[in-house]
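Q: Here is my input; please provide its structure:
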Amino acid sequence: MINCQIPTGLIVSCQAPTDSPLHDPIVIAAMALAAVNRGAAGVRIDTPAHIAAVRQQISVPIIGIWKQQLPGCEIYITPRFEDARAIADSGSDIIAIDATLRNRPVAEPDLKTLIARIHNELGKLVMADVDTIEAAIAAAEAGADTVGTTLFGYTVETQNLRPPGFELLAQMVEKLKVPVICEGGIASPEMAKKALDLGATAVVVGADITGIDIKVAAYKLVISSLVNC
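A: Residues are numbered from 1 along each chain as shown. The predicted structure is shown next:
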């Protein structure tokens, strides 16, 4: 039985590069707790270890992912059922998966079967991360509980486009009957408001809130060109 609802409003993605000192379960959990204390309706967390640490600190929904680079496979967000099981066991309420139309890992089930197994065997909701309206429609038809614009700009089909995908978001809101989440490229409260005004159920914000490594590097790049230090 699934006892979770899709969060509405602000979802904060608490992640860090693997070579960052922030990539530590204790630090990620602190980020998540700070976000929830300031009003986040949910968080998005990568890896079983980080999810387990966050689960000990918060009670709001966790969207869990496990980024896995598999040989010969472009899909990397929770690509296999065993990955979904691991993050479900760690405390995720919602399992986010790559639902683009790219080839799935060898010996893994098709998208519809994967979603059904997550529902039936793990008792979890599914967030489908997509890049195009075609993938969004296919994901909803396959049984996804919510669909996000997460991979817009990150696939071969969309590599010349820059997130946030507001046009894609508007198409998804129009054509899908499941909640739509805007994720990727949200860099200000005003952009988040625009996504919600377009009909998004929730907005996921990552780097602009928790991306210290990325933000500092961006500032340093500009400042270094102007100041000798």
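
Q: And the pLDDT for residue 229?
A: For residue 229, the pLDDT comes out at 51.

Q: Surely residue 86 and residue 66 touch.
A: Yes - here residue 86 reaches residue 66: they are 6.4 Å apart, a contact under C-beta atoms under 8 Å. In short, each C-beta sits where N, CA and C put it, glycine included.

Q: which non-adjacent residue is nearest residue 31?
A: Nearest residue to residue 31 in three dimensions, chain neighbours excluded: residue 14, at 4.2 Å (C-beta to C-beta, 6 or more residues apart in numbering).

Q: Ramachandran coordinates for that neighbour?
A: phi -110, psi 90 (degrees, to the nearest 10).

Q: thinking it is in contact with residue 54, fair?
A: Yes - the pair residue 14 / residue 54 is scored as a contact, 7.1 Å apart, by C-beta under 8 Å.

Q: Spit out the residues that contact those two alike.
A: Counting by C-beta atoms under 8 Å, 6 or more residues apart in numbering, the contacts common to residue 14 and residue 54 are 28, 32, 43, 45.

Q: quick one: the last one is in a helix?
A: Spelled out, it's residue 45. No - counting by DSSP: H, G, I helix; E, B strand; the rest coil, one finds residue 45 to be strand, located in no helix.

Q: gap between residue 217 and residue 23?
A: Separation of residue 217 from residue 23 (C-beta to C-beta, to the nearest Å): 15 Å.

Q: So which of the two has more stuff around it?
A: residue 23 (16 against 10; other C-beta atoms under 10 Å).

Q: got a list of what that one touches?
A: By C-beta under 8 Å, 6+ apart, the neighbours of residue 23 are 16-17.

Q: Just the element for it, please.
A: Under DSSP states H and E, no helix or strand contains residue 23.

Q: how close does it sit to residue 16?
A: 4 Å.

Q: Name the residues that touch the least confident helix or strand in the chain by mean pLDDT?
A: Counting by mean pLDDT, DSSP states H and E, the chain has its least confident helix or strand at helix 212-224, which shows a mean of 93. The contact list for helix 212-224, computed with C-beta under 8 Å, 6+ apart, reads 16-17, 20, 22, 207-208, 229.

Q: buried residues in that helix?
A: The neighbour-count check on helix 212-224 (16 or more other C-beta atoms under 10 Å) flags residue 213 as buried.

Q: just the CA coordinates of it, formatted as PDB?
A: The C-alpha trace of helix 212-224 is given here as PDB (Å, rounded to 0.1, in the frame of the first residue of the first chain):
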ATOM      1  CA  ILE A 212      28.000  25.600  -3.000                       C
ATOM      2  CA  ASP A 213      30.600  24.000  -5.200                       C
ATOM      3  CA  ILE A 214      29.000  25.100  -8.400                       C
ATOM      4  CA  LYS A 215      28.100  28.600  -7.200                       C
ATOM      5  CA  VAL A 216      31.500  29.400  -5.800                       C
ATOM      6  CA  ALA A 217      33.200  28.200  -9.000                       C
ATOM      7  CA  ALA A 218      30.900  30.500 -11.100                       C
ATOM      8  CA  TYR A 219      31.700  33.500  -8.900                       C
ATOM      9  CA  LYS A 220      35.400  32.600  -9.000                       C
ATOM     10  CA  LEU A 221      35.400  32.400 -12.800                       C
ATOM     11  CA  VAL A 222      34.000  35.900 -13.100                       C
ATOM     12  CA  ILE A 223      36.100  37.500 -10.400                       C
ATOM     13  CA  SER A 224      39.300  36.000 -11.500                       C
END
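
Q: what's around the nearest residue to residue 132 once chain neighbours are set aside, how many residues?
A: Nearest non-adjacent residue to residue 132, counting by C-beta to C-beta, 6+ apart: residue 157, 5.8 Å away. Other residues within reach of residue 157, judged by other C-beta under 10 Å, total 17.
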